[in-house]
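1. Next comes the sequence, and after it the predicted model I'd like to discuss.
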Amino acid sequence: MQMNETVLAVGVAEAARRLGISPRTVATLIARCELPSRKVGRRRIIPISALEAFVQKASAMSGNG
């Protein structure tokens, strides 16, 4: 990937790494519709904007934002 390319979405494993949680927890959040995702072929991707919104919402709920 070139430096000027912007990543718009990541897979479950990368989303888990970025959030600091397990891939299983990410899958649970997706199943509960707490984290939006899309199925592309056999792969599930999560938009970076959804990860950011999830973190902001979690921070607001815990009072750390």
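-> Right, received. Where do you want to start?

2. Which stretches in this protein count as strands?
-> Taking DSSP state E as the test, the strands found in the chain are 9-11, 38-40, 43-47.

3. Mean neighbour count, mean pLDDT and distance to residue 20 added to those, as a markdown table?
-> Yep, even glycine has a C-beta here, placed from its N, CA and C like the rest. A markdown table is the format used below for the strands of the chain (neighbours: other C-beta atoms under 10 Å; pLDDT from 0 to 100; distance: least, C-beta to C-beta, whole Å):
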| stretch | mean neighbour count | mean pLDDT | distance to residue 20 |
| --- | --- | --- | --- |
| strand 9-11 | 17 | 98 | 14 |
| strand 38-40 | 10 | 97 | 23 |
| strand 43-47 | 17 | 97 | 15 |
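
4. Would you mind giving the ones you listed as CSV with distance to residue 62 added?
-> Putting these into CSV (distance: least, C-beta to C-beta, whole Å) gives the following:
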stretch, distance to residue 62
strand 9-11, 24
strand 38-40, 28
strand 43-47, 21
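
5. of these, which approaches residue 29 most closely?
-> When these are compared for distance to residue 29 using C-beta to C-beta, the nearest one is strand 43-47, at 9.2 Å.

6. biggest helix in this structure by residues?
-> Residue-count comparison of every helix in the chain, with assignments taken from DSSP state H, identifies helix 48-62 as the longest.

7. Let me know the angle separating that one from strand 43-47.
-> With axes from the mean of the first three to the mean of the last three C-alpha atoms, to 10 degrees as the criterion, the two stretches helix 48-62 and strand 43-47 enclose an angle of 60 degrees.

8. roughly how far is helix 48-62 from the heart of the chain?
-> A distance of 10 Å separates the centroid of the chain from that of helix 48-62, by C-alpha atoms, centre = their mean, to the nearest Å.

9. Please identify which of the strands of the chain is closest to residue 59.
-> Comparing the strands of the chain by their distance to residue 59 (C-beta to C-beta), the top pick is strand 43-47, with 18.0 Å.

10. Show me what the longest helix of the chain is packed up against.
-> Helix 48-62 sits against strand 9-11, helix 12-19, with contacts defined as 3 or more C-beta pairs under 8 Å, 6 or more residues apart in numbering; DSSP states H and E.
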